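*Asks:* Predicted structure and sequence below. I'll ask about it afterward.
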Amino acid sequence: MKKLWITLTYAVFTILIIIPLVRIFIGSWEEGWGGFVEAITRPQSLHALYMTGIIVVTVTIINTLFGVMLALYLVRATWLSKRLRQLLNSIVDLPFAVSPVIGGLMIVLLLGPNTIIGSFFGDLGFKVVYALPGMILATLFVTFPLMIREVMPVLQEIGTQQEEASSTLGAYPFYTFWKVTWPSIRWGVIYGVVLTVARSMGEFGAVLVVSGNIMNKTQTATTLVYQDVENFNVLAANSVALVLAAVSFGLLLLMEWAKKRREH
Amino acid sequence: MHIEVTQLNKQFGEFHAVQDVSFSIEKGRLIGLLGPSGGGKTSILRMLAGLETPTSGDIVFHGKRVNDLPPQERGIGFVFQNYALFKHMTVFENIAFGLKVKKQSKEQIRERVTTLVELTGLKGFEHRLPHQLSGGQRQRVAFARALAPEPQLLLLDEPFAAIDAKIRQELRTWLKEMIERLGITSIFVTHDQDEAIEVADEIMIINKGKLEQKGSPWDIYKSPQTQFVASFIGESTIVEDISKLKGFEAASAHPGVKALIRPEYIEIGKLHEFKIASATEPGRIKQLHFRGSEWMVEVTVGDITLITYRSLEKDILQPGEEINVLVHRAYLFTNDESWIMENRLKEDPMPVHI
Ligand SMILES: Nc1ncnc2c1ncn2[C@@H]1O[C@H](COP(=O)(O)OP(=O)(O)O)[C@@H](O)[C@H]1O
Ligand SMILES: [Mg+2]
């Protein structure tokens, strides 16, 4: 019985992951190395990968800083009322509950060119929606809970006593954070970074809605794959997808490593 | 460091954890905060350290009000109940932490840590991580770490609670000697009366957020001021109606009075063994328990059961045996008063012949 389940699991795993991966691989090599390189070096491919890169880097930096800070507040700020912290804590999970497409739509409705805030920024010459800032915002929305949910349990587990001990030994909060708190949450943060990178690289729905998917302007790697498929350019779609898959695989390895270190 | 605390209060929401606590501590004293769990001892210690803000009241160190000083600036050392060692730092790094914060030179740090490592008997363990140490060793690391920056006041929260009984005894003696040698004002929390009596110069009894009594262990034992203190310190039997006992008839003048009698205030024996036979009254041995170095005797006088001890050197008693009982004194309590009553007949200068 047990064997059957294990076999079944492997079967599903193979069908859902391995076969598509192999297909992508074969698809991108249909015309050999040359075809792959050509698909990747198209101006729109390079631009899309560049956009994805910028979004990943920016989102990861912002999400890491604010995620760690907010986790600290949610766990440690006893001066905030309990009710308020509970409310904030539920809001953190909102992006898990809301479809990314709806998240993107909310941004368009709030900050689109025809809204008050949007036109205000527009007058300042700063376009939010259908431009990079909106895409970053959308990706931030989607990845927002990842860091907080990684760091909060670690903070709760280590408790406040080591930090209190540090303060009675004369260390001020900043020193205490770097010397006492950080070494404990470090691997949780790294794990959160990997998750954020993976998620922001692969985000499609939210970005599609806010970006308008304008080639060479607001197109990311994922939305380019989508467009290539729409245009029956299967080779190009597979090639870009392969690049994304390769990075994801690297991230997966990194994630495993971080997980192992974290468990120490 | 001289410490003065006045009208200290701490409320956690609706809950009044510390109520109107006032005391002062002279420089160099070793004080034991004793009381049952949940009494507010840790809360008092944390307020002294600045880890908790008092709801009201003043804390004064050296004549200076420190209520608004953060823990970093109070010059205290704190040993936490479960030590709270920095788990990713070695023993050396743990002890050096407070010195690094003060930006001392590498040389100075090495010297001070080495001294402390030797003082606490941790030589050879400098490069271990906390999880590679025994409970007693961790406790000494926590102690050394708190001492390193040369605090004026050392606060220890249940320093021996997590250590097994055998080593606890050793550590108590060690700690007392160490603190005496360093001459540092110290306050330690405990819920174990033997520990407090053995280690402290002075004991403060804390119950339900209130300071019940403060004094030397002997004072507290000899003249407890509340029923709680009398029953918490030492052994005792509570007697509901003491006026039934010979020599304590006067107690009936106080309605609702209760008495508390310590075993050592009760003498039992044959009539000829007593000097003032008239103060004794007949009783009956109910039970005998062997307690290693003496007998614990349960004896009934009328419908009152009393507990006392009897030396192994004296004649062996048998359950059911008739015996004479002399109660020397008792603590009497009403709801708002307490006093000691001596056996009236014992004090009577007129010898009575039978
Ligand atoms: N942070 C807190 N929030 C709410 N109640 C607390 C807090 N800290 C302590 N208490 C309560 O205050 C009372 C006294 O606690 P404590 O000072 O730890 O007592 P002790 O150290 O004598 O056991 C306990 O009933 C405890 O539940
Ligand atoms: Mg406590």
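*Replies:* All right, it came through fine. Ligands and ions are numbered 1, 2, ... in the order given.

*Asks:* A:Pro100 touches A:Val142, doesn't it?
*Replies:* Yes. Using Cβ atoms under 8 Å, A:Pro100 is in contact with A:Val142, at 5.1 Å. No exception for glycine: its C-beta is placed from N, CA and C like everyone else's.

*Asks:* Between those two, which has more neighbouring residues?
*Replies:* Neighbour comparison, A:Pro100 and A:Val142: the larger count goes to A:Val142, with 26 against 20 (by other Cβ atoms under 10 Å in any protein chain shown).

*Asks:* how distant is the host helix or strand of the more buried one from the center of its chain?
*Replies:* In the assignment (DSSP states H and E), A:Val142 maps to helix A:132-158. Mean-position distance between helix A:132-158 and its chain equals 8 Å (Cα atoms, centre = their mean, to the nearest Å).

*Asks:* Give me the helices and strands touching it, please.
*Replies:* helix A:43-76, helix A:82-92, helix A:94-97, helix A:100-111, helix A:182-202, helix A:205-211 (3 or more Cβ pairs under 8 Å, 6 or more residues apart in numbering or on different chains; DSSP states H and E).

*Asks:* swap the cut-off to 6 Å and go again
*Replies:* Applying 3 or more Cβ pairs under 6 Å, 6 or more residues apart in numbering or on different chains; DSSP states H and E, we find helix A:132-158 packed against helix A:43-76, helix A:94-97, helix A:100-111, helix A:182-202, helix A:205-211.

*Asks:* any idea which helix or strand comes after it?
*Replies:* According to DSSP H and E, the helix or strand after helix A:132-158 is helix A:161-168.

*Asks:* Using neighbour counts, pick out the buried residues of that following helix.
*Replies:* Neighbour counts over helix A:161-168 (16 or more other Cβ atoms under 10 Å in any protein chain shown) mark A:161-168 as buried.

*Asks:* Could you see whether chain B lies near it?
*Replies:* Yes. Using Cβ under 6 Å from any Cβ of the partner chain, helix A:161-168 reaches chain B at A:161-162, A:164-165, A:167-168.

*Asks:* Specify the angle between the helix holding A:Val142 and helix A:82-92 in degrees.
*Replies:* 130 degrees (axes from the mean of the first three to the mean of the last three Cα atoms, to 10 degrees).

*Asks:* pLDDT averaged over helix A:132-158 - what is it?
*Replies:* Helix A:132-158 shows a mean pLDDT of 93 in the predicted model.

*Asks:* Any chance you could list residues touching both of A:Pro100 and A:Val142?
*Replies:* A:Ala206 (Cβ atoms under 6 Å, 6 or more residues apart in numbering or on different chains).

*Asks:* Let me know which of the helices and strands packed on helix A:132-158 is the nearest to B:Trp174.
*Replies:* helix A:182-202 (31.1 Å; Cβ to Cβ).

*Asks:* Go through the closest one and flag the buried ones.
*Replies:* By 16+ other Cβ under 10 Å, the buried positions in helix A:182-202 come out as A:184-185, A:187-202.

*Asks:* Stretch B:19-28 now?
*Replies:* Those would be B:19, B:21, B:23, B:25, for stretch B:19-28 by 16+ other Cβ under 10 Å.

*Asks:* which residues does the first one contact?
*Replies:* Which is B:Gln19. B:209-210.

*Asks:* Look up which helix or strand it falls in, please.
*Replies:* Secondary structure (DSSP H and E) places B:Gln19 in strand B:15-25.

*Asks:* can you give me the offset of that strand from its chain's centre?
*Replies:* 17 Å.

*Asks:* Parallel or antiparallel, list what pairs with that strand.
*Replies:* strand B:3-12 (antiparallel) (DSSP bridges).

*Asks:* that's a helix at B:Gly39, yeah?
*Replies:* No. Assigned with DSSP: H, G, I helix; E, B strand; the rest coil, B:Gly39 falls outside any helix and is coil.

*Asks:* which residues does it contact?
*Replies:* B:206-207.

*Asks:* most neighbours per residue, which of the helices and strands packed on helix A:132-158?
*Replies:* helix A:205-211 (a mean of 24; mean count of other Cβ atoms under 10 Å in any protein chain shown).

*Asks:* What lies in contact with it?
*Replies:* For helix A:205-211, contacts defined as Cβ under 6 Å, 6+ apart pick out A:100-101, A:103-105, A:107-108, A:129, A:134-135, A:138, A:142, A:218, A:220, A:223.

*Asks:* hmm, try it at 7 Å
*Replies:* Taking contacts as Cβ atoms under 7 Å, 6 or more residues apart in numbering or on different chains, the residues outside helix A:205-211 that touch it are A:99-101, A:103-105, A:107-108, A:129-130, A:134-135, A:138-139, A:141-142, A:218, A:220, A:223.

*Asks:* helix or strand right after it?
*Replies:* Next along the chain from helix A:205-211, counting by DSSP H and E, comes helix A:221-230.

*Asks:* now for that next one, which elements pack on it?
*Replies:* helix A:43-76, helix A:205-211, helix A:234-262 (3 or more Cβ pairs under 7 Å, 6 or more residues apart in numbering or on different chains; DSSP states H and E).

*Asks:* Nearest approach to B:Val91 belongs to which of these?
*Replies:* Closest to B:Val91 of the helices and strands packed on helix A:221-230, according to Cβ to Cβ: helix A:234-262, at 23.1 Å.

*Asks:* Give me the buried positions along that closest one.
*Replies:* For helix A:234-262, the neighbour count (16+ other Cβ under 10 Å) marks A:235-245, A:247, A:251, A:254-255, A:258, A:262 as buried.

*Asks:* out of the buried residues of helix A:161-168, who's nearest B:Gly283?
*Replies:* For the buried residues of helix A:161-168, the nearest to B:Gly283 is A:Gln161 (54.1 Å; Cβ to Cβ).

*Asks:* For the closest one, give its distance to ligand 1.
*Replies:* 13 Å (Cβ to the nearest ligand atom, to the nearest Å).

*Asks:* hang on, isn't that residue packed against B:Val79?
*Replies:* No. A:Gln161 is beyond contact range of B:Val79, at 11.2 Å (criterion: Cβ atoms under 7 Å).

*Asks:* what's the closest residue to B:Ser186 other than its chain neighbours sitting at in phi/psi?
*Replies:* Distances taken as Cβ to Cβ, 6 or more residues apart in numbering or on different chains place B:Leu154 nearest to B:Ser186, at 4.2 Å, with adjacent residues excluded. For B:Leu154, the backbone dihedrals (degrees, to the nearest 10) come out as phi -110, psi 130.

*Asks:* what sits against B:Leu154?
*Replies:* B:Leu154 neighbours (Cβ under 7 Å, 6+ apart): B:77, B:146, B:184, B:186.

*Asks:* Pretty sure the second one sits in a helix.
*Replies:* Yes. Per three-state DSSP, B:Ala146 lies within a helix segment.

*Asks:* so who does the closest residue to it other than its chain neighbours touch?
*Replies:* Of all residues not flanking B:Ala146 in the chain, B:Gly77 sits nearest, at 3.3 Å (Cβ to Cβ, 6+ apart). B:Gly77 makes contacts with A:168, B:146-147, B:151, B:154-155, as judged by Cβ under 7 Å, 6+ apart.
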